[in-house]
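1. Structure for this input, please:
(one chain, ligands or ions: 1)
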Amino acid sequence: MLERLREGGVRDPRVLAAMAAVPREAFVQPADQLDAYVDRALPIGHNQTISQPLMVAIIVEALELRDGDHALDVGTGSGYQAAVMAACGAHVVSLERIPELAAGAAERLGALGLDVEVLTGDGSLGAPERAPFDAIAVGAAAPRLPLALARQLREGGRLVVPIGGGYQGEELTRLRLTGGTWITESLGPCRFVPLIGADAYDATG
Ligand code: SAM
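-> Presented below is the predicted three-dimensional model:
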């Protein structure tokens, strides 16, 4: 898997070490154990997926996490991306809208002793009571820049979010708050399930 991540352009040694340290087999379903390190998304129930390892590594690298960063992960799913963020040294709050997925992820992350607090709720609105954040990752596609999340960044903070056309494919976008100004950059095409919530898609698509 690490070879594939390097081929895919991931260079940050901290991220590569975190990807090597987190056991992805603990986050996939029993039937998919043999495919745990194959570079593709896998089903986790409730019509959701654990993201492809390369995409997780690209997102986490783009977050530029440092030891002790206060980070928000929107769309916990299996908890894998939150685990990689914690393995990079961040204190992670992770928000999931589906209570059963949140409960499963909290159990898995707790068993691994990782510094992740899993909450159930609408991540399109962020976690204002825990803001500001040094880094925010969104693991589902937003129809537009989620303003509530952008407003929860600390000065110097980074928000990485897929933005675009739902199931049609999206653009991975990084927003950085620098000198009070939001600066956005495109990190390339990607494909995610939709972010569903008050400042996102509605549940009917
Ligand atoms: N990063 C996750 C992992 O490592 O397993 C996979 C994320 S999965 C592709 C997207 C997740 O976002 C799903 O679990 C879905 O339920 C969740 N989601 C969608 N809209 C959400 C919202 N508004 N708030 C929180 N979670 C949301």
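
2. quick one: the helices in the protein?
-> 2-7, 13-21, 53-63, 80-87, 99-111, 147-150 (DSSP state H).

3. okay, those in JSON lines with distance to residue 191 next?
-> C-beta coordinates here come from the backbone N, C-alpha and C atoms, glycine included. As requested, those are arranged in JSON lines below (distance: least, Cβ to Cβ, whole Å):
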{"stretch": "helix 2-7", "distance to residue 191": "17"}
{"stretch": "helix 13-21", "distance to residue 191": "20"}
{"stretch": "helix 53-63", "distance to residue 191": "9"}
{"stretch": "helix 80-87", "distance to residue 191": "15"}
{"stretch": "helix 99-111", "distance to residue 191": "20"}
{"stretch": "helix 147-150", "distance to residue 191": "20"}
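
4. Out of those helices, which is closest to the ligand?
-> Among the helices of the chain, helix 80-87 comes nearest to the ligand, with 3.4 Å by Cβ to the nearest ligand atom.

5. For stretch 174-188, buried residues please.
-> Neighbour-count burial for stretch 174-188 flags 174-177 (criterion: 16 or more other Cβ atoms under 10 Å).

6. which ones among these are found in strands?
-> Within the buried residues of stretch 174-188, membership in strands is found for 174-177, as judged by DSSP state E.

7. Give me every residue in the protein lying close to the ligand.
-> 48-51, 74-75, 77-78, 80-81, 95-98, 101, 122-124, 139-140, 192-193, 195-197, 200 (Cβ under 6 Å from any ligand atom).

8. tell me the mean pLDDT for the biggest strand by length in the chain?
-> Assignment by DSSP E gives strand 153-164 as the longest strand of the chain. The average pLDDT within strand 153-164 is 97.

9. and that strand, how far from the chain's centre?
-> 11 Å (Cα atoms, centre = their mean, to the nearest Å).

10. circling back to that earlier point, from the helices of the chain, which stretch is densest packed?
-> Highest mean neighbour count among the helices of the chain (mean count of other Cβ atoms under 10 Å): helix 80-87, with a mean of 28.

11. what's the nearest residue to the residue located most distally from the centre of the chain if we skip its chain neighbours?
-> Distance to the chain centre peaks in the chain at residue 179, reaching 25.2 Å (criterion: Cα atoms, centre = their mean). Among residues not flanking residue 179 along the chain, residue 155 sits closest, at 7.8 Å (Cβ to Cβ, 6 or more residues apart in numbering).

12. And for that neighbour, the neighbour number?
-> Counted by other Cβ atoms under 10 Å, the residues lying close to residue 155 total 10.

13. Can we start the residue count at 666 from this point?
-> Fine by me, first position is 666 from now on; the one you just mentioned is residue 820.

14. Flag the shaky bits of the protein, pLDDT-wise.
-> Counting by pLDDT under 70, the chain shows low-confidence ranges at 830-833, 869-870.

15. at 90 instead, please
-> Along the chain, the model assigns pLDDT under 90 to residues 780, 829-834, 868-870.

16. on that earlier part again, do you know how far the residue farthest from the centre of the chain is from residue 808?
-> 28 Å (Cβ to Cβ, to the nearest Å).

17. Tell me how far residue 782 lies from residue 765.
-> 18 Å.

18. Cool, thanks, talk later.
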